[in-house]
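>>> Take a look and give me a structure for this.
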Amino acid sequence: MNFKFRHFSLIYFKEDKQINIQSQDFSKFVHEDFVLKFLLEADEDKNSTIYIVELMPKYPIQLVHFSIDIDTDYSNTFGVFANGFQSWTESRVYYKDDVIKPAKKFIKGLAYTYGDYNFVNYKKHQGCIHSWNYTYIKQEKYKINLLASLNESSAYTLFEHDMQNNSLHISKEIEDKQIDEKFELLHFVHIEDREDFAFQNFAFIKSFKPLKVQPSIGWTSWYNYYTKIDEKIILDNLENFTQNNIPISIFQIDDGWQKAVGDWLNIQPKFKNGMQFISDKIKSKNITAGLWLAPFACEKNSFIYREKQDWILKDKTGKLVKIGYNPMWSGWFYALDFFNEELRSYLRKVFDTVLNEWHFDLVKLDFLYGTASIPQHGKSRGEVMHLVMNFLRECVGDKKILGCGVPLSAAQDTTDFCRIGPDIHLSWEFKLLKMLNARERLSTYSAIHNTISRRHLNKLGFINDPDVFMLRKEKNNLSFQEQYSLLLANLLFGDLLFTSDDISKYNTETLFLYKSIFPLVEKESVLVQQEKEFYQIHFNIDDKYYLALINTSNHDKIYKLPNGSFFDNVTQNTLKGNKSITIPKHGSKCLFRINATPFTLVGSKGHFFCGVEVNNIFISGGILEIEWNNKLVNKPIVYYRIPISYEVSLSENTHLESRTEDADFAIIALSPK
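Residues are numbered from 1 along each chain as shown. All right, here's what the predicted structure looks like:
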């Protein structure tokens with residue numbers, strides 16, 4: 001894909017005078033106030049080109065805006081990915097007839113606090129979409145043009161596509177940034193390759209820190225009990241996993257343990273034995289103990305609001321900066337001022353107490369966008385956010401951080417896990433907020449799209465947390481099809497799997513399905529085909545091939561299977577290829593492809609992904625040997641096909657459950673002894 005650089009624009013203040021510069025000179029631009037250098041580095045081995053723009057001021061200046069306009073060709077484009085501003089912002093592939101709409105103005109006081117509505121000009125005509133930090137343009141045969149910033153620590157990078165007019169606008173969000181020395185205005189890479197290779201090359205060029213955590217399964221209190229938690233609820237749910245011999249690795253207490261948001265050292269009386277008592281109970285079961293905090297937020301009921309309003313962030317007019325409204329708290333809540341030293345000392349004490357006195361191993365840190373919602377002290381929003389995240393990492397040390405409600409570039413290399421989507425809703429969609437264009441709304445539909453669309457970020461500076469799945473029937477309006485779609489997307493593209501269900505209320509069938517997600521397995525050679533709201537996902541686990549189909553639309557989808565035979569892990573039925581099947585609205589299927597050989601695995605029951613129950617199956621000297629996967633929680637059954645005339649004996653570790661025959665083949669059902 002060709003890019004033709006048209007011109008650049010620079011706006012800045014010098015001694016209270018605004019100066020606007022525009023030029024087509026991309027060599028070396030010399031001005032009486034500054035020098036601009038445009039650098040290019042090409043690497044044919046990685047199909048990449050790196051672009052760098054350096055600004056060397058001759059005098060102190062205050063930046064307002066920098067951008068580059070590029071002519072490109074979207075005529076053969078199969079969609080453009082738009083990364084939302086923070087964890088919860090809607091992120092997906094958009095098409096030439098799409099428009100990203102801002103939240104409705106009459107909910108400005110509510111929705112505008114969460115996103116980029118106050119500082120991005122949302123274009124109204126079709127094909128105009130904007131993306132933060134990175135974006136990609138889809139081509140045919142899984143090929144993409146990836147554009148990704150390599151330096152967000154000084155300011156965020158914004159990519160704005162106009163697919164109708166073949167124009168790309170790249171800008172730096174540098175409002176109020178003050179500089180007096182060399183400053184990197186722009187630093188991004190363009191990679192043209194198959195999407196998996198493109199992101200591999202980006203990761204190599206960016207050089208993220210090695211991860212210190214592993215993919216994990218856990219439990220969190222929020223999506224069942226919300227703020228109505230107490231010591232008994234927490235300990236009862238913990239005991240559920242012990243009684244069912246389920247090896248979760250994280251148990252996280254969410255909002256509701258503190259007296260008020262901001263009062264992190266004041267515990268609710270309903271936790272009568274204190275937080276150390278609970279964390280020690282969790283850790284005694286060899287489970288990581290996690291605790292929720294919103295370190296840079298406070299509500300009206302907090303001691304901070306009553307006694308320490310100098311800790312609260314204020315805008316240029318001196319008004320307290322609101323960053324949201326929560327009816328489960330005391331209404332409006334406010335951002336705290338990171339640059340207040342007394343506040344930082346308080347937070348250091350909070351983290352020392354939580355991690356060292358109460359013995360928690362993980363903190364979920366929420367609503368982090370708020371403290372960097374406005375430029376401050378001559379620093380851009382992006383620079384403030386990166387300073388905040390580095391401070392939090394310093395406070396937490398070697399313990400684990402789960403980031404939430406945070407611009408993702410700042411979370412890379414500072415968190416261990418990070419939310420990549422919005423809170424799910426107890427229905428498929430929060431229809432009112434959808435109608436009002438709230439891009440950070442609670443939404444199961446949006447959560448699934450974010451999980452699939454941001455899949456490439458997994459293990460690039462953090463492990464993806466796609467938010468919870470739920471399988472319960474009570475306090476839930478999701479159908480089984482919708483629950484299954486959510487679970488499937490999370491298992492495919494997230495490596496932190498949480499639920500909030502009370503698993504003691506599961507019936508036998510639901511408990512079996514829940515146990516089937518253990519252990520988490522690595523998916524390889526993942527390729528995603530997307531047609532608007534329908535996804536075809538091809539992937540491998542070891543030497544086994546799978547096809548997942550996810551239909552997020554409000555209409556049934558007719559899909560013609562490829563040639564071959566497939567096993568459906570829900571219905572436990574075999575499907576013949578080259579025939580059409582129906583994927584209902586909001587529904588999904590995960591199909592295992594059956595080999596055409598006479599001796600082969602044709603299906604299984606025990607793990608979510610068919611065939612994971614065994615590490616190897618082979619026949620030697622007429623004896624069928626199975627190496628069973630000993631990490632399973634469920635007792636598995638596998639179905640193996642052999643020629644009907646073939647006499648086979650079983651090894652000592654395997655039991656014959658049943659045998660069925662047709663004209664040519666027998667299917668034997670096997671389980672471990």
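>>> Nearest spatial neighbour of the residue most central in space within the chain, chain-adjacent residues omitted?
What sits nearest the mean C-alpha location of the chain, by Cα atoms, centre = their mean, is residue 420, with 2.2 Å. Once flanking residues are discounted, residue 420 sits nearest to residue 454: 4.3 Å by Cβ to Cβ, 6 or more residues apart in numbering. Every residue, glycine included, has its C-beta placed from N, CA and C.
>>> what are the phi and psi angles of the one you found?
Main-chain torsions, residue 454, degrees, to the nearest 10: phi -100, psi 20.
>>> hmm, back to that, mind checking pLDDT for the residue nearest to the centre of the chain?
If you check residue 420, the pLDDT there is 98.
>>> what sits against it?
By Cβ atoms under 8 Å, 6 or more residues apart in numbering, the contact list for residue 420 reads 87, 91, 408, 450, 451, 454, 457, 464, 465, 466, 494.
>>> Same question for residue 362.
250, 252, 288, 289, 290, 291, 399, 400, 401, 402, 416.
>>> out of the contacts of residue 420, who's nearest residue 56?
residue 408 (30.1 Å; Cβ to Cβ).
>>> In TSV, list the contacts of residue 362 along with neighbour count, secondary structure and pLDDT.
Formatted as TSV, the contacts of residue 362 follow (neighbours: other Cβ atoms under 10 Å; DSSP: H, G, I helix; E, B strand; the rest coil; pLDDT from 0 to 100):
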residue	neighbour count	secondary structure	pLDDT
250	24	strand	98
252	23	strand	98
288	20	strand	98
289	24	strand	98
290	25	strand	98
291	21	strand	98
399	18	coil	98
400	20	strand	98
401	22	strand	98
402	27	strand	98
416	23	coil	98
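>>> Going by distance to residue 575, which of these wins?
Nearest to residue 575 among those, with distances taken as Cβ to Cβ, is residue 250, at 36.3 Å.
>>> what helix or strand is the residue nearest to that closest one when sequence neighbours are not counted on?
Spatial nearest neighbour of residue 250, chain neighbours left out: residue 218 (3.1 Å); criterion: Cβ to Cβ, 6+ apart. If you go by DSSP states H and E, residue 218 is part of strand 216-220.
>>> helices or strands up against that strand?
strand 250-253, strand 288-293, strand 496-499 (3 or more Cβ pairs under 8 Å, 6 or more residues apart in numbering; DSSP states H and E).
>>> how about TSV for those strands, with distance to residue 108 added?
Output for these, formatted as TSV (distance: least, Cβ to Cβ, whole Å):
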stretch	distance to residue 108
strand 250-253	33
strand 288-293	28
strand 496-499	32
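>>> care to break this structure down by domain?
Domain assignment for the chain by automatic domain parsing gives 4-206, 216-520, 521-593, 595-673.
>>> now the strands: where do they sit in the stretch 101-250 of the chain?
In the stretch 101-250 of the chain, the segments counted as strands under DSSP state E, counting those that start in this stretch are 128-132, 134-138, 143-149, 156-162, 167-173, 177-179, 183-194, 216-220, 250-253.
>>> now for those, which one comes closest to residue 1?
Here strand 143-149 is closest among the strands of the stretch 101-250 of the chain (Cβ to Cβ), at 4.6 Å.
>>> Contacts for that closest one, please.
Strand 143-149 is contacted from outside by 1, 133-139, 156-157, 159, 170, 187-195, 198-199, 202, 206, 409, using Cβ under 8 Å, 6+ apart.
>>> before we move on, what about stretch 228-246?
219, 221, 225, 248, 251, 253-254, 256-257, 268, 270-273, 277-278, 281-282, 285, 287, 502-504, 511, 514-515, 518, 633.
>>> By residue count, which helix of this structure is the longest?
Assignment by DSSP state H gives helix 381-396 as the longest helix of the chain.
>>> tell me which residues in that helix are buried?
381-389, 391-393, 395-396 (16 or more other Cβ atoms under 10 Å).
>>> of the residues you listed, closest to residue 668?
Using Cβ to Cβ, those come closest to residue 668 at residue 396, 52.6 Å.
>>> how close does that closest one sit to residue 403?
11 Å (Cβ to Cβ, to the nearest Å).
>>> where exactly do the helices run in this structure?
Under DSSP H, the chain gives helices at 108-111, 195-206, 222-225, 231-243, 274-283, 303-307, 341-352, 381-396, 408-411, 431-435, 444-453, 480-493, 508-515.
>>> tell me the most buried of the ones you listed?
Compared across those, helix 408-411 shows the largest average neighbour count, a mean of 28 (mean count of other Cβ atoms under 10 Å).
>>> Can you list the helices and strands that that helix packs against?
Using 3+ Cβ pairs under 8 Å, 6+ apart, helix 408-411 sits against helix 381-396.
>>> who touches the helix it packs on?
So helix 381-396 is contacted by 119, 152-156, 173, 175, 177, 295-296, 338, 344, 347-348, 351, 355, 363, 365, 368-369, 371-376, 379, 401, 403, 406-407, 409-411, 414-415 (Cβ under 8 Å, 6+ apart).
>>> now the angle from that helix to strand 167-173?
Per axes from the mean of the first three to the mean of the last three Cα atoms, to 10 degrees, the angle that helix 381-396 makes with strand 167-173 is 50 degrees.
>>> Would you pull up how far helix 381-396 lies from the middle of the chain?
How far helix 381-396 lies from its chain's middle: 19 Å, per Cα atoms, centre = their mean, to the nearest Å.
>>> Could I get the average pLDDT for that helix?
Regarding helix 381-396, the rounded mean pLDDT is 98.
>>> what's the angle from it to helix 341-352?
Interaxial angle of helix 381-396 relative to helix 341-352 (the same axes, to 10 degrees): 40 degrees.
>>> got the CA positions of helix 381-396 in CSV?
The C-alpha trace of helix 381-396 is given here as CSV (Å, rounded to 0.1, in the frame of the first residue of the first chain):
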residue,chain,number,x,y,z
ARG,A,381,-2.5,13.6,28.6
GLY,A,382,-0.4,10.8,27.4
GLU,A,383,2.7,11.9,29.3
VAL,A,384,0.7,12.2,32.5
MET,A,385,-0.8,8.8,32.0
HIS,A,386,2.6,7.2,31.5
LEU,A,387,4.0,8.9,34.6
VAL,A,388,1.0,7.6,36.6
MET,A,389,1.5,4.1,35.4
ASN,A,390,5.2,4.1,36.2
PHE,A,391,4.4,5.4,39.7
LEU,A,392,1.9,2.6,40.2
ARG,A,393,4.4,0.0,39.1
GLU,A,394,7.0,1.5,41.5
CYS,A,395,4.4,1.3,44.4
VAL,A,396,3.4,-2.3,43.6
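>>> Just want the angle from it to strand 143-149.
Helix 381-396 and strand 143-149 are oriented at 80 degrees to each other (the same axes, to 10 degrees).
>>> Give the buried residues for stretch 533-552.
Quick answer for stretch 533-552 (16+ other Cβ under 10 Å): 533-535, 537-539, 541, 544-552.
>>> How about stretch 586-601?
Neighbour counts over stretch 586-601 (16+ other Cβ under 10 Å) mark 586, 587, 588, 589, 590, 591, 592, 593, 594, 599, 601 as buried.
>>> so who does residue 151 touch?
Per Cβ under 8 Å, 6+ apart, neighbours of residue 151: 184, 187.
>>> now with 10 Å?
52, 157, 172, 184, 185, 186, 187, 188, 206, 382, 409 (Cβ atoms under 10 Å, 6 or more residues apart in numbering).
>>> Pipe these into JSON lines and attach distance to residue 83 per row.
Output for the contacts of residue 151, formatted as JSON lines (distance: Cβ to Cβ, whole Å):
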{"residue": "52", "distance to residue 83": "21"}
{"residue": "157", "distance to residue 83": "10"}
{"residue": "172", "distance to residue 83": "16"}
{"residue": "184", "distance to residue 83": "21"}
{"residue": "185", "distance to residue 83": "20"}
{"residue": "186", "distance to residue 83": "17"}
{"residue": "187", "distance to residue 83": "17"}
{"residue": "188", "distance to residue 83": "13"}
{"residue": "206", "distance to residue 83": "15"}
{"residue": "382", "distance to residue 83": "14"}
{"residue": "409", "distance to residue 83": "9"}
